[in-house]
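Asker: here is the input, now give the coordinates:
(4 chains, ligands or ions: 6)
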Amino acid sequence: MPPFLQTVPDRADLLIRIAGEGGQGIMTVGEILSRAVARSGLHVLADSTFASDIKGGDALFQLRVSPHPILSQGDRVDILVALNENGYRSNETGLAPGCMVIYDDGMALKESGEAIFYPVPMGRISGELGSPVSKNMIALGVLARLLSISADPLRQVIGQSLAAKGASVVQMNVKAFDEGLAYGQDHVVKRDPHLLPVGAGENNQLLLSGNEAIGLGAMMAGCRVYPYCPITPATTIGDWLSDHLPGAGGQVIMTDDAIESAALAIGASYAGAKAMTGTSGPGLDVMQELIGFAGMAELPVVIVDVQRGGPSQGLATKHEQSDLFSAALGGHGDSPRIVVAAADVNDCVGLTIEAFNLAERYQVPVIVLSDASLSRRRQTIPRPDLAHVRRVGRTPHEPSESSYLRYRLTADGISPMSVPGQPGGEYIATGVEHTESGSPTDLPRDHETMTKKRYKKLSAVEEGLPPVEREGAARAEIGFISWGTTQGAVREAMQRFRQIGLPAAALYPKLLWPLPVKALETFAASVNKVIVVEANKQGQLAMLIRAQTKIRPGLIHLYTGVPISPWEIFGREDF
Amino acid sequence: MPPFLQTVPDRADLLIRIAGEGGQGIMTVGEILSRAVARSGLHVLADSTFASDIKGGDALFQLRVSPHPILSQGDRVDILVALNENGYRSNETGLAPGCMVIYDDGMALKESGEAIFYPVPMGRISGELGSPVSKNMIALGVLARLLSISADPLRQVIGQSLAAKGASVVQMNVKAFDEGLAYGQDHVVKRDPHLLPVGAGENNQLLLSGNEAIGLGAMMAGCRVYPYCPITPATTIGDWLSDHLPGAGGQVIMTDDAIESAALAIGASYAGAKAMTGTSGPGLDVMQELIGFAGMAELPVVIVDVQRGGPSQGLATKHEQSDLFSAALGGHGDSPRIVVAAADVNDCVGLTIEAFNLAERYQVPVIVLSDASLSRRRQTIPRPDLAHVRRVGRTPHEPSESSYLRYRLTADGISPMSVPGQPGGEYIATGVEHTESGSPTDLPRDHETMTKKRYKKLSAVEEGLPPVEREGAARAEIGFISWGTTQGAVREAMQRFRQIGLPAAALYPKLLWPLPVKALETFAASVNKVIVVEANKQGQLAMLIRAQTKIRPGLIHLYTGVPISPWEIFGREDF
Amino acid sequence: MIINEPAAYRTERPVTWCPGCGDVRVLEALCHALTRSGVDPAGTVLVTGSGCSSMIGFFVNSYAIHGPYGRALPIALGVKLANPSLTVIVAGGDGDAYAAGAGHLIHLARKNPDLTYLIMDNGCYGLTKGQPSPTAGNGAAGATAVDHEALNPVALLIATGATFVAQGSSDDSELLTRLMQEALHHRGFSAINIISPCAVLGRQPSTRPPDAPESVRIDPATHPSHDRMAALQLATVRDGRTRVGVFYREERNTLHSGLDVTLKRDGYDDLISLERIMNGMKP
Amino acid sequence: MIINEPAAYRTERPVTWCPGCGDVRVLEALCHALTRSGVDPAGTVLVTGSGCSSMIGFFVNSYAIHGPYGRALPIALGVKLANPSLTVIVAGGDGDAYAAGAGHLIHLARKNPDLTYLIMDNGCYGLTKGQPSPTAGNGAAGATAVDHEALNPVALLIATGATFVAQGSSDDSELLTRLMQEALHHRGFSAINIISPCAVLGRQPSTRPPDAPESVRIDPATHPSHDRMAALQLATVRDGRTRVGVFYREERNTLHSGLDVTLKRDGYDDLISLERIMNGMKP
Ligand SMILES: Cc1ncc(C[n+]2csc(CCOP(=O)(O)OP(=O)(O)O)c2C)c(N)n1
Ligand SMILES: Cc1ncc(C[n+]2csc(CCOP(=O)(O)OP(=O)(O)O)c2C)c(N)n1
Ligand code: SF4
Ligand code: SF4
Ligand SMILES: [Mg+2]
Ligand SMILES: [Mg+2]
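Answerer: Ligands and ions are numbered 1, 2, ... in the order given. Sure thing, here's the model as predicted:
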């Protein structure tokens, strides 16, 4: 059965792509459109891709708009705005039937297929305006006309977005927009069915990227120190926190290598501050020794790993979910750590808070996995309610008569922790095996006992967290398990399965290590066949599941540097 | 059933322990005894332990002697020589019934239990000799008398071993030995049944430690460059190679950090030399990024990880097998590598050679796992026959008309590799994703194709190796799988199972990653229950087996810093 | 809390160093310096890496961190960033500081964080059995040594941009104690290279020639310690004698004076900032 | 093979740098220097780390390695150790050399390996969008910068024990080419800090003041380049002008002259040594 006949597309759900090359203002216009649309109360998920080459190269902005929360980046383009030839060619295959294509009529484009084409003399108009770089705004005007987007809010956002560049730039851009609008009005006959859906009106949404959300989550959790070494695609967490954390009484410091940033975070944590660093795969590699140290010395610390294509320098700007092994198992020795993975921008806020809580509670390094596409993706989320944020601190050492044992054996493995400055709490945090007091030991019993202590803490993690979300029929033929951003694609595939009446279910774990074994087993018991969906070669989550549960899952895995789309799940026939 | 009644001890198999403190010459006398005994053609396995503290502390030398090849360090002491009180007390529980105990009668020792005690006035005799440090040689003399070890060969070894310290030292030591011998002759009545077994005579054995064997293996494989950063317990590989490799035309260089040594080895390999570095867990952590680079750039390199107790600085001098995860899965991204693990000194030679062959053949980093106890253990092995060493080189780039594609896609994923200096072979080895020619790419198809290429190479590894050794009944109730030095304990437990008629089998894999799935599955199909035995907390091999095969093994795992003994396997009742 | 007795700065743990190890005297001097400087144990964090000398944190009655090899300095900086009111002392071996940790010195010293670094220089890696360290240089025999210029620790420290650079010796406790006091008192990054010989492994830093182990005190009256070039010059004199005393000092903004905020340790009082930040994230 | 044309040292790959990037001119100068020095592409290995500037290896027609961030120098040393007859050039950015790679410079330069290091100094991390690098220092604005002394690259290189230290500029190709030739010719560790401005990200090394971007050539007749102190002094002059030319040169034993053997590349001829070694392992 041909793909698009199986499900009925949601007419109110639009996927708009603006494609061209670096320097054409693709990001600017996309950003303006996103903001204007989000202000009307619509949900927005915007995704931008740029070639990893330093200069120029292809540029793409994609915006998905819907009156309903948006689950993934989507997989069929309803509207394409092409500012150069390659912008059309490289997107041609993804167009839905009836797709609206707005393009610069100076391009040599052969209209074909089931798309509806609107050539626009952008070159001529921008030439008349004396501003060749304004094609983007001309296209925006035509688009606004064709989708019936109100012009005033757009003009307002243009003004606000470009304010920093000065009044004359704003004026020129508004003018170009108006020219496009006028051209659309006077010369374009609408032949497609697409209209911008009606939004809920001002509905208290925020529009932010995954990396900004991680910064926001960290601040909500009470993060006080963020050292970092720039590395794509994690750098923008530091950029954002540099703008915001110092003003709120915290510190951001750029270090000259990634090892150093982990060391600073761990030192800060020892001194009592909630601390985080952010990096990508190559940085995670070099931090392994310090992560092991934090595990051994029982120091809370949060490490964000914004995954990119790997291994080695790999594909610095591309999506992949291939750092799960190194996050969970990458340190030498039996190295305790917790790993959580964010699936969307909302998660980036909430799971970052959760990561701090887990780190403080269990006195253990916590790794938050995000990825290149999530880091850049700008998405609307409900504005967080600060009154309801749960913040966990470490178990404090209460002054007592008896001398302080930092690594005291307790029922749950968690030992009270003093903070420098506290009299009577002096202790040494050491990476060598130690007794309860922190003295070095290599006695067999001590090593065994302390290893058990460190892992006992982890054994309680799953229970302490909210139940893992499950979707779909109580009993189903197929049950999907996925992690990170791939969960969005699975959620959307689930909607389509529902439409065609296929009884599927899905589980959306956020905690990946220690593996939420109970939730996984319960889920597996409710379906006939489990399929893990993830973006890596080795099937990393599938392997961990096989390693720790009785489940023998199948695997859908892609590793192309591009996020898995709903269709790549829904369209499979080999379940 | 009490342990020792279940099996008949082999009378010809003696376990001798010499215990005291640092400075008492425990290692010296142990070494002399080992050499003398090995010269008679007996098999020897000597194990020394020293406290990790810098100064003094307990010292222990253990020597196992047998006319048959020795499988493990053993678990019941037949002869104890105690040079101080703690030397007796800390070994008391391990004594076999009828154990011979030779001790300094100056000690406050309460004779008890089933041991047979021989107090010797070592303090008085050494005082008379005017050499208080000569108690070790006095004890050796008594021991020689009681076990009927020929005195002349011993005197000869004393002379050779101490030659570097000068003739007067040799003389004093021989004298003390003779005094001990005389005292034994005149004043000690033998009341125990132990005698030194008769050896095969000069039988071309070598006596060397695990780390020396790795050095020897590397040289036999053709290793030309060994950069290293000192780290316990890997340092002595570098010490040994420093003494021997330069003279044979290779280079050893000490670097100021462990990252650097991996970088040097990789650079040397690019230039065409077979190269290796050696480290322990903390060093492996910091090398992960470079190992990932070698995997991506397809550069052969061998990394020896002599495991110690972990995580972090852990227990630097203690045994553990807990770096399997980080060796196999520790790099970010899908990071190809091969992992092999040595079980004994003979393996240290053979598997190191194999590691070079695998690295060169598959152009991939190969990690050799050893451990602290194996690194120090001195063991007799058959002298390797150089005429039969198989050495594999990398597939060369043959000059051709067409331009050279370093990463050419081939049927087996292995691309011909040029060597700097070779005209027409110029190429760039890069850590970013690349096309066949090595140019950067982030196109989806390229990343997918190249990832598959890198893993296709690994899929052939198991088949290319000799079949995995299997021991025991063709069909058995219990089947043990173990790795590294623990295989020795399993082998010995197997002997005992055979004695009591329990139908057990065992599999001894050397290749751990990629997992030898076929061998494991075949083995599992031949037994009712599979049990993995390993020295770590997480059950690392068991997890990998569950992750990649249908096997659901049970687990015996200890993590005390002490090697697993045969008894800890044989004596379990919870199979 | 103010302590009047050096012994009170010692934990109950017996030292594990070999008898005669220079580090024993360094520990003594440190306890004296802490006493005289009136440093509060509860407000002090002693951060080390790995090595014989890095065991010192187990023996000083204060907060302490015993971290991985070579990472003491950045960990210490993290402590200080989080709580600038703490006295933060970094201590460890020449391997820790100049081998594995060399990059951190280059990165961080010139930012002038308010830390004191005590480097126990024995010309070798004591813990791993005495391989020559960077400061051993040419003189170091053995198969693993390569013929090269020794690292000049004092010159390196001056070149990194440290604002207080001294050399001490475990043989001259009186001066060493005073240097430690001065370093603790200095605002900014202070570092003391301390000649602290290994008693058993038979190596020496190249700055302590075996034929002239005695050190010579720098005369503060004649050495212009505020002149970086003069300090470098003095540090590079090769006359076979070990100079001890202050080579260089400079007043410069510290890292914290550059970071324009003080960390709020009580947290959670930033709800207003957060609401404001979120307002800025409205579409 | 000897090549007579700089263009023949270029691969067919078009450069991916931004128009106007200093690195474009550095590549040109390198191709000229290789031509004039008569370097054989097949006998040359160009080793880089990561960064904009580290892309240079893709554009030079020789053997090349494009490694992880900050590891170019030790990888290059490995190449040289394995085959001393190769010409080994290290190249990359100021971040690669002075940030992530700083430790390696301290460790390895003083061993005087026979390598040439070309450091393209743009005062920033170009590839990651222009954060200030160590050489940017105080002048660098932006939220992530901390008020501190900039790293002085030439002074650092002299302090590491490099035996040939120069500064060049992408604006002065003629001199840069000559400096490269000299560096390639030098026996031992030669390093050139090359001011190579980023065309788009608006940062500069602090040694290239925005108001005086022109560089001043050092007069070899008056500068005693064999005097390390004089070289350091010249490197630390702060008069707002960028000096280019040779700061320091010294003849010293190279690492290879210290390693008393030459690597036998054909291997397997050591059976006799092996038998002898095994004889020594008999009990
Ligand atoms: C990553 C890593 N590399 C190497 C080591 C081994 N190591 C531990 S301490 C040390 C050197 C200690 O030398 P130094 O800092 O001078 O201290 P000393 O023992 O001389 O006081 C080394 C090489 C390690 N633990 N971790
Ligand atoms: C371990 C690690 N940390 C950080 C990065 C990110 N990174 C790549 S290149 C670079 C800096 C590049 O600066 P420079 O060497 O000066 O080169 P430029 O781009 O300025 O030419 C950084 C921080 C990385 N790839 N790996
Ligand atoms: S080995 Fe040397 S440095 Fe280490 S404790 Fe002993 S004397 Fe001190
Ligand atoms: S970003 Fe700057 S350094 Fe990088 S290529 Fe462009 S101009 Fe050159
Ligand atoms: Mg030292
Ligand atoms: Mg740069």
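
Asker: CA only for contacts and neighbour counts going forward, please
Answerer: OK.

Asker: who is the residue nearest the centre of chain C paired with across the strands?
Answerer: With distances taken as Cα atoms, centre = their mean, the residue of chain C nearest its centroid is C:Tyr117 (1.9 Å). Beta-bridge pairing of C:Tyr117 under DSSP bridges involves C:Val90, C:Ala191.

Asker: next to ligand 3, which bits of the stretch 51-200 of chain C? Give me the list.
Answerer: Proximity of the stretch 51-200 of chain C to ligand 3, by Cα under 6 Å from any ligand atom, involves residues C:Cys52, C:Gly126, C:Leu127, C:Cys198, C:Ala199, C:Val200.

Asker: what are the C-alpha coordinates of the helix or strand hosting C:Val47, in CSV please?
Answerer: If you go by DSSP states H and E, C:Val47 is part of strand C:44-48. Coordinates of each C-alpha in strand C:44-48 appear next as CSV, following Å, rounded to 0.1, in the frame of the first residue of the first chain:
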residue,chain,number,x,y,z
THR,C,44,40.1,25.0,54.4
VAL,C,45,40.1,22.5,51.5
LEU,C,46,43.3,20.7,50.6
VAL,C,47,43.1,19.3,47.1
THR,C,48,45.6,16.8,45.7
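
Asker: identify all contacting residues around the helix or strand following it.
Answerer: Once strand C:44-48 ends, the next helix or strand along the chain (criterion: DSSP H and E) is strand C:63-66. For strand C:63-66, the external contacting residues (Cα atoms under 8 Å, 6 or more residues apart in numbering or on different chains) are A:420, A:425-431, C:41-50, C:54-55, C:57-58, C:72.

Asker: re the thing from before, filter the residues of the stretch 51-200 of chain C next to ligand 3 to the buried ones?
Answerer: By neighbour count, with 16 or more other Cα atoms under 10 Å in any protein chain shown, these hold C:Cys52, C:Gly126, C:Leu127, C:Cys198, C:Ala199 as buried.

Asker: show me what contacts the closest residue to A:Thr380 other than its chain neighbours?
Answerer: Distance criterion Cα to Cα, 6 or more residues apart in numbering or on different chains; nearest residue to A:Thr380, sequence neighbours excluded, is A:Leu207 at 4.4 Å. The contact partners of A:Leu207, taken as Cα under 8 Å, 6+ apart, are A:Arg35, A:Ala38, A:Val44, A:Arg378, A:Gln379, A:Thr380, A:Ile381, C:Met281, C:Lys282, C:Pro283.

Asker: okay, and A:Asn86 sits in which element?
Answerer: Applying DSSP H and E as the criterion places A:Asn86 in helix A:85-89.

Asker: buried ones in that helix?
Answerer: A:Glu85, A:Asn86, A:Gly87, A:Tyr88.

Asker: still on that earlier bit, got a pLDDT number for the residue nearest to A:Thr380?
Answerer: Note for A:Leu207: predicted pLDDT of 97.

Asker: next SSE downstream of the host helix or strand of it?
Answerer: Assigned by DSSP H and E, A:Leu207 belongs to strand A:205-209. Downstream of strand A:205-209, the first helix or strand assigned by DSSP H and E is helix A:210-221.

Asker: the stretch 51-200 of chain C against chain A: which residues are in contact?
Answerer: C:57-58, C:61-68, C:71, C:74-83, C:86, C:104, C:107 (Cα under 8 Å from any Cα of the partner chain).

Asker: can you give me the offset of the strand holding C:Val47 from its chain's centre?
Answerer: Averaging C-alpha positions (Cα atoms, centre = their mean, to the nearest Å) puts strand C:44-48 11 Å from its chain's average.

Asker: cool, and stretch A:265-284?
Answerer: Mean-position distance between stretch A:265-284 and its chain equals 19 Å (Cα atoms, centre = their mean).

Asker: any regions of chain C where pLDDT drops low?
Answerer: Along chain C, segments meeting pLDDT under 70 span C:1-2, C:137-148, C:210-212, C:258-269.

Asker: so which bits of it are right by ligand 2?
Answerer: Within chain C, no position lies close to ligand 2 (Cα under 6 Å from any ligand atom).

Asker: how about the helices in chain C?
Answerer: Here chain C has its helices, by DSSP state H, at C:22-37, C:72-82, C:94, C:102-108, C:153-160, C:173-185, C:228-236, C:255-258, C:271-279.

Asker: who are the packing partners of the fifth one?
Answerer: It refers to helix C:153-160. If contacts are counted by 3 or more Cα pairs under 8 Å, 6 or more residues apart in numbering or on different chains; DSSP states H and E, helix C:153-160 sits against helix C:102-108, strand C:164-169, strand C:190-195, helix C:228-236, helix D:153-160.

Asker: what is the burial count for A:Asp186?
Answerer: By other Cα atoms under 10 Å in any protein chain shown, 9 other residues sit near A:Asp186.
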